[in-house]
Structure formats: C-alpha cells, structure tokens
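J.: Test case, fold it:
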Amino acid sequence: MKIKRFLPLALTLGALSCAGSASAQYYEIANQIPQLLRPALSGSSSYKGFIEAGYDKTFGTYNADFFEFTTSQGFQYNSWFYMGVGLGVDVLFAHKEDNWGTGWSRGGDDFDFDHSSTSTAAMMPLFTDFRATFGGGNGPSFFIDLRLGCSFLLGKDYVEIGNGYLTSQQYFYLRPSIGVKIPVSRNHPRQAVDIGVNYKLLTSNYWNSWNRNVTLNCLGASIAFEW
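T.: Okay, here's the model as predicted:
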C-alpha cells in the first residue's frame, strides 16, 4: 500500500522540521492529516487511534493549570512501535498576584490590597507522536510516549502569566510520558485504557523581550482510550 510505504518518511521529516521551525512543523502535520484519515476510513488493520484527557500543573517561575484534550492518529508498525500525528485543545488557567499596594491607614484601620487573579485561555498543540509499548501480551503493559511539535494561543493576542506573557506566536511543544496500558478485554487487546504521567515543556523566543520569553515546565497525569 503506497500510503503506508511513504508515511514513515513523511512523519520523520515532520518531527525533524519541528526542531528547526515550529511553523514548518505546523504545515507538515497539517499535510499529514488527510493521509492518516484515509486508512482509518478504509479499516486498515495497522491503523491506530487515541483520545486522551489530562491535567498539568506548572512548576517554577509561573503558576498555571492545563486541562488537556487531545487525539493522535497513526499506524502501529509492529507489536511495540506506533507513530502518528495529533492535535488537541489545552484549556489554560494562568494565576498571578495583583499587588495593589499595602500599608496605608485610615481612621486607625490598616488596609491590605493584595489580590490574585486568574486568566483563562486556550491553546492548540499540533504534534508528531512516537510510542513504544513493552511486554504484557494480551495483558497490561508499559508504554513510553514522546510528542514533539508546536502549540498556539487561540482567540487572544496574549495572556498574562505571572511576570510574563503567552502570545499568539508558536511555542515549541515537548511532552514525554510513561504509563501503563490496560486492555479492555483479552479478546480485544487493541482496545485499551492508558494511564500515564508526563512532563510538558512550552518555550519560545519573542523579540528578545524578557517578559515574552516564557518557558513553562509542567508535570501532569492523563487517561486515554486507544483502539
């Protein structure tokens, strides 16, 4: 089948282009999606898909939460290796402290105007997905997953996050994860529930401006269904 013959090369080139340019990665992934839908509709035995929901929490300089909803579509090339492309929506809750000043007094009462606020936004990750699964046979097994790509802020030009900003430019997206795959039944081992933990990196370099050069480091957990 010609699609299957040339797909590994196309996906690999997509992953390499991400390291050099997030924009090139976006267009490469967009061009791959029709090729991956074709075998899904035709019922190819090597086609595989995932839908996933997860939660990430930043650590370090910035304080934010992500609720993630993603899908990945591709091919199971052998018993242990999967490669595909994916996209999703990350709902972002960015928390920051608004210091309105402290310590002034009126009529003997001290007023403290320290407040916090939360900004809500959405981001769209586009990525190439590599997954290796080890052991288990028709029973539980372990997996290592790596997503490489880019992510975009949706619907806003920027959102304030701590002492910096996320903008509408592209962000480099890296998300390795490990976890366990639990088949739905021994008769249908291709259908399984995946439970994992992950690290996520979002980073950019914007106009050499310190408050726009945001790097987010996150730890999280996810649950997925694969078929």
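
J.: Wasn't Ser79 part of a helix?
T.: No - assigned with DSSP: H, G, I helix; E, B strand; the rest coil, Ser79 falls outside any helix and is coil.

J.: what sits against the closest residue to it other than its chain neighbours?
T.: Spatial nearest neighbour of Ser79, chain neighbours left out: Thr133 (7.8 Å); criterion: Cβ to Cβ, 6 or more residues apart in numbering. Any C-beta I mention is one placed from the backbone N, CA and C, and that applies to glycine too. The contact partners of Thr133, taken as Cβ atoms under 8 Å, 6 or more residues apart in numbering, are 79-82, 141-143, 181.

J.: which among those gets closest to Leu201?
T.: Closest approach to Leu201 among the contacts of Thr133 (Cβ to Cβ): Phe143, at 19.7 Å.

J.: Identify the bridge partners of that closest one.
T.: With DSSP bridges as the criterion, Phe143 is bridged to Thr133, Gly179.

J.: my guess is it contacts Ile182, does it?
T.: No - assessed by Cβ atoms under 8 Å, Phe143 is found out of contact with Ile182, at 10.8 Å.

J.: what sits against Val180?
T.: Going by Cβ under 8 Å, 6+ apart, Val180 touches 140-143, 194-196.

J.: coming back round to it: out of Phe143 and Ile182, which sits in the more crowded spot?
T.: Taking neighbours as other Cβ atoms under 10 Å, Phe143 and Ile182 compare with Phe143 leading, 21 against 13.

J.: measure the more buried one to Gly164 for me?
T.: Note on Phe143: its distance to Gly164, by Cβ to Cβ, to the nearest Å, is 34 Å.

J.: which ones are touching Phe69?
T.: 52-53, 88-91.

J.: What of Ala53?
T.: Per Cβ under 8 Å, 6+ apart, neighbours of Ala53: 67-69, 222-224.

J.: and Pro176, that's in a strand?
T.: Yes - assessed by three-state DSSP, Pro176 belongs to a strand.

J.: what helix or strand does the closest residue to Leu174 other than its chain neighbours sit in?
T.: Excluding its sequence neighbours, the residue lying closest to Leu174 (Cβ to Cβ, 6+ apart) is Leu201, at 4.3 Å. Using DSSP states H and E, Leu201 maps to strand 188-203.

J.: Next secondary structure after that strand?
T.: Criterion used, DSSP H and E; the element after strand 188-203 is strand 215-226.

J.: Show the average pLDDT along that next one.
T.: Across strand 215-226, pLDDT averages out at 96.
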